[in-house]
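Peer 1: Starting from these lines, generate the structure:
(one chain, ligands or ions: 1)
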Amino acid sequence: MSRVISMRSVMAAVHHNGGPPFRPTWPGHYRSGVPLHDLEAVLRSRRDDAPAGSYTAELLADPERTQRKIMEEAFEVCLELGRTDRSDERIAEEAADLVYHLMVGLVGADVPFDHVLRVLEERKR
Ligand SMILES: N=c1c2ncn([C@@H]3O[C@H](COP(=O)(O)OP(=O)(O)OP(=O)(O)O)[C@@H](O)[C@H]3O)c2ncn1[C@@H]1O[C@H](COP(=O)(O)O)[C@@H](O)[C@H]1O
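Peer 2: Numbers count the residues shown, from 1 in each chain. Below you'll find the model as predicted:
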């Protein structure tokens, strides 16, 4: 079986309705076509190269600032979730900020995103 996952199979998994859930079955299965892995690769390169003007590199140079940003963004997501006039758009924007800052925190601690996915996988029931 090919170890390369096609875009079609990713889309089929994303849009799947009913039937068995999408279950990756081999290490690295998550890699292909998954935007968070692409983001992780960019963040790791910002960590390694520390180019001038990179917000990520600034955060990675200051772990406490990264931790504060994760908490701040989590708080902002909760504020949006708790509004009576909830907006999908605002929730998605705040959630994206949270995910980005969490990914920066993971890269700073050198915890691969695959490790997080493995923990979630093990919790499936
Ligand atoms: N996904 C993101 C992303 N999401 C949010 N942000 C930044 O996160 C910040 C959000 O925090 P705030 O709204 O609180 O803004 P702020 O007041 O400027 O932040 P602080 O001064 O409080 O830290 C903004 O500066 C956004 O630009 C991001 N910055 C970068 N990325 C990704 O990271 C990659 C590398 O970015 P650089 O490191 O900047 O090259 C980019 O290509 C993107 O893919």
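
Peer 1: So what's the residue count around the residue in the chain positioned nearest to the ligand?
Peer 2: With Cβ to the nearest ligand atom as the measure, residue 56 is the residue of the chain nearest to the ligand, at 3.0 Å. C-beta coordinates here come from the backbone N, C-alpha and C atoms, glycine included. When neighbours are counted by other Cβ atoms under 10 Å, residue 56 registers 23.

Peer 1: If you count neighbours, what's buried in the host helix or strand of it?
Peer 2: Element membership for residue 56 (DSSP states H and E) is helix 55-60. For helix 55-60, a neighbour-count test (16 or more other Cβ atoms under 10 Å) marks 56, 57, 59, 60 as buried.

Peer 1: What is the nearest of these to residue 105?
Peer 2: Residue 105 lies nearest to residue 59 out of the buried residues of helix 55-60, by Cβ to Cβ, at 8.6 Å.

Peer 1: So which bits of this protein are right by the ligand?
Peer 2: 39, 42, 46, 54, 55, 56, 57, 69, 97, 100 (Cβ under 6 Å from any ligand atom).
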